[in-house]
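Engineer: I'll drop the sequence and a predicted model, then ask my questions.
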Amino acid sequence: EAQVTQNPRYLITVTGKKLTVTCSQNMNHEYMSWYRQDPGLGLRQIYYSMNVEVTDKGDVPEGYKVSRKEKRNFPLILESPSPNQTSLYFCASSRGTSVHNEQFFGPGTRLTVL
Amino acid sequence: AQKITQTQPGMFVQEKEAVTLDCTYDTSDQSYGLFWYKQPSSGEMIFLIYQGSYDEQNATEGRYSLNFQKARKSANLVISASQLGDSAMYFCAMREGQVYGQNFVFGPGTRLSVLP
């Protein structure tokens, strides 16, 4: 089944404790991205990747890191989480950046930073 | 300026009736794509329908259709014969052809509630 998977689905952590949210897609997609969703603010892009070893900042990259060492994986790293990073996070992928390409979303990761 | 505007934060519709969710967009690109996603209370994002800027016909997918008015820059989602399971947040999104990389933008969403 074609899908985007994220782990963990739920995470409660404390300020400053490094964490990684994994994302994997099995559709051989070139483009992957991370979003955060907050009430009243909609979905905002954190980072995106056009291909392996090619990543770039989205609208709200501060406090986050990403890497794309393999085509299928695009982990999101919070080196020192803070309470304002409490949010619902989505990983997404698409075949490319063509205007015809819809994005496929993972199930979301609900992160709480205490 | 907002690239995607959804002016209805919340909508109510009676079961079995049709409902239109509004979306207007702003772009200077000639080539772009418009997408609608559904987010039920469980949280996942579900792709519903796509319309390309050069498509002459309005897109349809089952009970979903897209009322595309290019000159007005609007791409309204029409749901026919609403069902209780249609209660969700709905997001309009756009992908622009001339924007490199970071080219997928979302509107703020409309929360639809279907009444029995």
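Structural biologist: The structure has been received and is ready for your questions. Numbers count the residues shown, from 1 in each chain, chains lettered A, B, ... in the order given.
Engineer: ok, the residue lying closest to residue A:12 once chain neighbours are set aside to chain B distance?
Structural biologist: Counting by C-beta to C-beta, 6 or more residues apart in numbering or on different chains, residue A:112 is the residue found nearest to residue A:12 once chain neighbours are left out, at 4.6 Å. Quick note: C-beta positions are derived from backbone N, CA and C, even for glycine. Noted for residue A:112: a distance of 14 Å to chain B, by C-beta to the nearest C-beta, to the nearest Å.
Engineer: Contacts only, for residue 86.
Structural biologist: You didn't say which chain, so I picked chain A. A:111-113 (C-beta atoms under 8 Å, 6 or more residues apart in numbering or on different chains).
Engineer: my bad, the chain I had in mind was chain B
Structural biologist: B:38, B:79, B:112, B:114.
Engineer: Which of the contacts of residue A:86 are buried? Put it as a PyMOL command.
Structural biologist: Only the buried entries of the contacts of residue A:86 go into this PyMOL selection, using 16 or more other C-beta atoms under 10 Å in any protein chain shown:
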select buried, chain A and resi 111+113
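Engineer: Close to chain A: what parts of chain B are there?
Structural biologist: B:31-33, B:35, B:37, B:43-45, B:47, B:50, B:52-53, B:91, B:95-97, B:100-104, B:106-109 (C-beta under 8 Å from any C-beta of the partner chain).
Engineer: Only the buried subset of those, as a PyMOL command please.
Structural biologist: The PyMOL command for the buried members of those (criterion: 16+ other C-beta under 10 Å) is given here:
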select buried, chain B and resi 32+33+35+37+43+45+50+52+53+91+95+96+97+101+102+103+104+106+107+108+109
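Engineer: before we move on, the earlier item: may I have the secondary structure class of the residue nearest to residue A:12?
Structural biologist: strand (DSSP: H, G, I helix; E, B strand; the rest coil).
Engineer: so it sits right up against residue A:15, yeah?
Structural biologist: No: using C-beta atoms under 8 Å, residue A:112 is not in contact with residue A:15; the gap is 11.1 Å.
Engineer: Quick check: the residue nearest to residue A:12 vs residue A:69, distance?
Structural biologist: 28 Å (C-beta to C-beta, to the nearest Å).
Engineer: right, and the helix or strand after the lowest-mean-pLDDT helix or strand in chain B?
Structural biologist: Among the helical and strand segments of chain B, the one scoring lowest on mean pLDDT, DSSP states H and E is strand B:104-106, with a mean of 89. For strand B:104-106, the following helix or strand on the C-terminal side (DSSP states H and E) is strand B:110-115.
Engineer: Check what contacts that following strand and list those residues.
Structural biologist: Residues outside strand B:110-115 that contact it (C-beta under 8 Å, 6+ apart) are B:6, B:8-15, B:19, B:21-22, B:79, B:82-90.
Engineer: List the ones among those that fall in strands.
Structural biologist: Taking DSSP state E, the ones among the contacts of strand B:110-115 that sit in strands are B:10-14, B:19, B:21, B:79, B:88-90.
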